[in-house]
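Colleague: how would this look folded up:
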Amino acid sequence: AALLQALRRRGCLSLLVEGGPTLIGSFFDARLVDRIVAYVAPSILGGAAALGGVGGHGSPLLAQRHRLAGPSIARLGDDLCLQYDVLF
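Modeller: Numbers count the residues shown, from 1 in each chain. Now for the predicted structure:
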């Protein structure tokens with residue numbers, strides 16, 4: 001919270017947050033996310049022990065899920081760039 005307040009005092013009105021599920025989840029829990037930009041590549045990673053993309057408290061019920069509006073889709077070579085606005 002202190003870092004975000006310091007950035008705001010310096011005129012920063014937008015912040016790109018790129019991190020693991022704990023960091024991203026904390027921003028969702030605090031309702032500080034207004035846009036998601038996701039890159040999808042033609043490859044599969046994961047497994048039973050793989051971390052999910054978003055941690056935090058989450059939304060245990062479908063009715064409480066984070067809704068998204070969009071998407072805007074761009075192709076970057078074989079990859080896709082998806083942008084959604086987050087609706088709280």
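Colleague: Number of residues surrounding the nearest residue to Leu15 once chain neighbours are set aside?
Modeller: Counting by CB to CB, 6 or more residues apart in numbering, Leu15 lies nearest to Leu7, which is 6.7 Å off, once chain neighbours are set aside. Backbone N, C-alpha and C define where each C-beta goes, glycine included. By the other CB atoms under 10 Å criterion, the neighbourhood of Leu7 contains 13 residues.
Colleague: Can you tell me the closest non-neighbouring residue to the residue positioned nearest the centre of the chain?
Modeller: By CA atoms, centre = their mean, the mean C-alpha position of the chain lies nearest to Ile36, the distance being 4.6 Å. Among residues not flanking Ile36 along the chain, Tyr84 sits closest, at 4.8 Å (CB to CB, 6+ apart).
Colleague: Enumerate every residue touching that neighbour.
Modeller: Residues near Tyr84 by CB atoms under 8 Å, 6 or more residues apart in numbering: Arg35, Ile36, Ala38, Leu68, Ala69, Gly70, Pro71, Ser72.
Colleague: pLDDT, distance to Glu18 and secondary structure added to these, as JSON lines?
Modeller: Listed next are the contacts of Tyr84 as JSON lines, based on pLDDT from 0 to 100; distance: CB to CB, whole Å; DSSP: H, G, I helix; E, B strand; the rest coil:
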{"residue": "Arg35", "pLDDT": "96", "distance to Glu18": "13", "secondary structure": "strand"}
{"residue": "Ile36", "pLDDT": "94", "distance to Glu18": "12", "secondary structure": "strand"}
{"residue": "Ala38", "pLDDT": "92", "distance to Glu18": "11", "secondary structure": "strand"}
{"residue": "Leu68", "pLDDT": "95", "distance to Glu18": "18", "secondary structure": "strand"}
{"residue": "Ala69", "pLDDT": "96", "distance to Glu18": "22", "secondary structure": "strand"}
{"residue": "Gly70", "pLDDT": "91", "distance to Glu18": "19", "secondary structure": "strand"}
{"residue": "Pro71", "pLDDT": "93", "distance to Glu18": "19", "secondary structure": "strand"}
{"residue": "Ser72", "pLDDT": "97", "distance to Glu18": "19", "secondary structure": "strand"}
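Colleague: Right, I'll leave it there.
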